[in-house]
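# model this:
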Amino acid sequence: MSTVIRHGTARDAGAVAELHSASWRTAYAGLVPDEALGDGLAAERREIWELRLAADYGGPETTPELLIAERDGDVVGFAYVVPHWDGRILLDNLHVRPGLTGGGIGRELVDAARRHTARRHPGTDLYLEVLQANTRAVAFYEREGAHRTDAREGVFPGGHTLPEYEYTWPASELARHWS
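The predicted structure follows:
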């Protein structure tokens, strides 16, 4: 089955929010407080994605990019690539539909995010934040060549702080492999 990576639009908000909620409930069960994954999660994710995808961020250099992975017209994954105030590019979200992880969709989305960053933001690092306890995701990013660049406390919905790592793909590597 072939995966197509395309640019997302405001029309994708509902599908992205649904997948985002399902992914959180699967990947973060036992890692974050239960109330962060409770009944209000789907509505909160929908509101966030509707706001994000309707906002005017200015020019292309400041506008986030939603990358959608589709199979047979179904959204099976997404990545959200955001120009950050510190001059780097944040891979803010990378989610694959539960039950489809481990099948290459995540790698295709990471590749698309690296390519996007190298082409649209040359000379800029791409980084992400991942919960330290999310060992499956940590191993994935390390296999994908990301370098651990920081460890800190991250703030999760509901005001919970949890230990997280920062991983980075330096601009020099992006230029060499993805431009």
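# Quick check: chain neighbours aside, which residue is closest to T9?
Closest residue in space to T9, ignoring its immediate chain neighbours: L53 at 6.8 Å, by Cβ to Cβ, 6 or more residues apart in numbering. All C-beta spots, glycine's among them, are computed from the backbone N, C-alpha and C.
# Y167 and N134 touch, don't they?
No: using Cβ atoms under 8 Å, Y167 makes no contact with N134, being 11.6 Å away.
# More neighbours: these two, which one.
More crowded of Y167 and N134, by other Cβ atoms under 10 Å: Y167, with 22 against 18.
# State the distance from the closest residue to that one other than its chain neighbours to I89.
Of all residues not flanking Y167 in the chain, A146 sits nearest, at 3.7 Å (Cβ to Cβ, 6+ apart). In this view, A146 and I89 are 13 Å apart by Cβ to Cβ, to the nearest Å.
# Then R152?
Distance from R152 to I89, by Cβ to Cβ: 19 Å.
# Those two: which is more packed in?
Taking neighbours as other Cβ under 10 Å, R152 and I89 compare with I89 leading, 26 against 11.
# Give me the secondary structure label for L109.
helix (DSSP: H, G, I helix; E, B strand; the rest coil).
# which residues in this protein form helices?
Along the chain, the stretches classed as helices by DSSP state H are 13-27, 41-54, 105-120, 135-143, 171-178.
# can the ones you listed go into TSV with extra columns for distance to I68?
Below are these laid out as TSV (distance: least, Cβ to Cβ, whole Å):
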stretch	distance to I68
helix 13-27	8
helix 41-54	11
helix 105-120	9
helix 135-143	19
helix 171-178	19
